[in-house]
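Enquirer: Provide a 3D model corresponding to the input given below.
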Amino acid sequence: MSCGCKTSGDSSHSCGTKSANGCSSVDTCGNSYKLSVFDWLSEVNPSGSNSSEYVEVRFKNDRKLYYKNVNNLPLHIGSIIAVESSPGHDIGVVSLSGELVKIQMKKKNVPVEHAAKVYRLANQKDIETWQELRKKENNIKVEARKIAYGLNLEMKITDVEFQGDGSKITFYYTADSRVDFRQLIKEYAGAFRTKIDMKQIGFRQESAKVGGIGSCGRELCCSTWLTDFRSVNTNAARYQQLSINPQKLAGQCGKLKCCLNYELDSYLDVLRDFPSSSTVLHTEKGKAFCIKIDVFKKKMWFAYVENSMAWYDLDIFEVKKLIAINKKGDKAPALEELRVVENKLVTSDLIQENSVDRFEKKNRRPKSNKDRNRERGPRNSEDKGQGEGHSRNNQQRPQNNRPQKQHQDRSRSTEQKPAQNSNAPVKQVDNQKSNAGKNQNIDQAQNPNQKTENKNQKKPFKKAKKKMPPKNEGNA
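Expert: Numbers count the residues shown, from 1 in each chain. This is a model prediction of the structure:
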């Protein structure tokens, strides 16, 4: 609720855009004052003139009064005017004009005959004097509190308000009992050199003037829109099944929260269908008394006198039937038989908001050899594209012939195992092959240059074929 200027919330707030309709963004900011009223009859003008007969004028914080426009001035929302006061005149801002003012006066029981007059539009000198006085109010409030504390008076100076022309200062205070401030007024008159007016307000009015944030996280209702302060009783908390905890039920003012009365009528309408909370049921297992009531589910919890730890929830219609049975002189059945069994609804989480691993990939099968070869494929192609330089370097590096070693190990294993159903000539052929492989390995160890020459003759990066072990012809 701000129109962008830095003086939002101040009683001397005046928008820089002065036009016939007031602030250009008055629909969004309400001219930035507390307890604003939306003028839904702004386009209704039965007289046809731009001037309104009555206007609502706001002063500091939540103080608003109604004045009569005797001079038929073209007043609109946001106009700074000089109004009648005693003594002298006061400066205020028009907060409402038109036909809605009469409805507000009728609602608040303001007599039309005793309405004060609007003198004129405020000039530049009036506005400068008014703003200078507003700047002095905070220092005067601090000095006034020191004087009251020095006189040992049980009171608290809540707020100080200067009149527009500076001829009077109004001190708002709170006190639990009657205060004799005759000596206090003399001290104030000697210190501030002006007329002193003392006004006692309640604790709810104090919070409305000071303002603040409630436990709900929003601005206080009394400082934004609430005007009538109704008495709040602890029965309102009992009807709503709230724990009687003064720290939770109290507001910024130290009294019970005004919002306890907001939904009280709805609770009272629902509680008409409930039996009394002091109902005692006579069952076959003994007496049962009511412990708890759920207004929204329309249930009542009962427990036996002998075993108060076990609670049984019953529907209010079942409780009424049990009360009717007891009135006839019969005992009602046990509470275990009448207990309500709720069918839990199985809900499917389509969005998977409750699953922690909803972003992880599920049902991942283990990688096979084919998948691994596919992943290695691009790497081999990159190596091929690197040029001949890499291939020459790789050719110069001596590499062990691993397949031959495997072949050699497997041939040894075949030699150690005795061949079944084999002929002697076949065994000799196998021995000759194994001896030839051994001789070949010995020659390679003696002449390593011959091995590199043979490698140079081969094509680079050609995959070696898998050499199978020699077949055992005897077993075949």
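Enquirer: Now stretch 231-244: buried residues?
Expert: 232, 236-237, 239 (16 or more other CB atoms under 10 Å). Every residue, glycine included, has its C-beta placed from N, CA and C.
Enquirer: Also stretch 88-96?
Expert: 89-96.
Enquirer: between those residues, which is nearest Phe38?
Expert: Of all those, Phe38 sits closest to Leu96, with 9.4 Å by CB to CB.
Enquirer: Give the closest residue to the closest one in space, chain neighbours not counted.
Expert: Glu56 (3.8 Å; CB to CB, 6 or more residues apart in numbering).
Enquirer: I'd say that neighbour and Gly92 touch.
Expert: No - Glu56 is beyond contact range of Gly92, at 9.6 Å (criterion: CB atoms under 8 Å).
Enquirer: Quick check, pLDDT for the closest residue to Leu100 other than its chain neighbours.
Expert: Of all residues not flanking Leu100 in the chain, Leu41 sits nearest, at 4.7 Å (CB to CB, 6+ apart). Looking at Leu41, its pLDDT reads 73.
Enquirer: do the one 5 residues further on as well
Expert: Note for Pro46: predicted pLDDT of 60.
Enquirer: likewise Thr158?
Expert: On the pLDDT scale, Thr158 gets 92.
Enquirer: ok, back up a step: of all the buried residues of stretch 231-244, which comes closest to Phe296?
Expert: Tyr239 (13.7 Å).
Enquirer: is it true that that closest one touches Ser266?
Expert: No - the pair Tyr239 / Ser266 is not scored as a contact, 10.1 Å apart, by CB under 8 Å.
Enquirer: how about a markdown table for the buried residues of stretch 88-96, with secondary structure, distance to Asp313 and pLDDT added?
Expert: Output for these, formatted as a markdown table (DSSP: H, G, I helix; E, B strand; the rest coil; distance: CB to CB, whole Å; pLDDT from 0 to 100):
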| residue | secondary structure | distance to Asp313 | pLDDT |
| --- | --- | --- | --- |
| His89 | strand | 68 | 92 |
| Asp90 | strand | 63 | 93 |
| Ile91 | strand | 64 | 94 |
| Gly92 | strand | 59 | 93 |
| Val93 | strand | 58 | 92 |
| Val94 | strand | 59 | 92 |
| Ser95 | strand | 53 | 88 |
| Leu96 | strand | 53 | 88 |
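Enquirer: Which single one of the residues you listed is nearest to Leu249?
Expert: Closest to Leu249, out of all of those and judged by CB to CB, is Ser95, at 33.3 Å.
Enquirer: hang on, isn't the closest one packed against Phe59?
Expert: No - Ser95 is beyond contact range of Phe59, at 9.7 Å (criterion: CB under 8 Å).
Enquirer: List the residues that are in contact with both of these two.
Expert: When CB atoms under 8 Å, 6 or more residues apart in numbering defines a contact, no residue borders Ser95 and Phe59 alike.
Enquirer: Just the CA coordinates for the host helix or strand of Arg238, please, in CSV.
Expert: Element membership of Arg238, judged by DSSP states H and E, is helix 235-239. In CSV, the C-alpha atoms belonging to helix 235-239 read as follows (Å, rounded to 0.1, in the frame of the first residue of the first chain):
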residue,chain,number,x,y,z
ASN,A,235,-15.0,-19.2,26.4
ALA,A,236,-14.3,-18.3,22.7
ALA,A,237,-11.1,-20.4,23.0
ARG,A,238,-12.9,-23.3,24.7
TYR,A,239,-15.6,-23.5,22.0
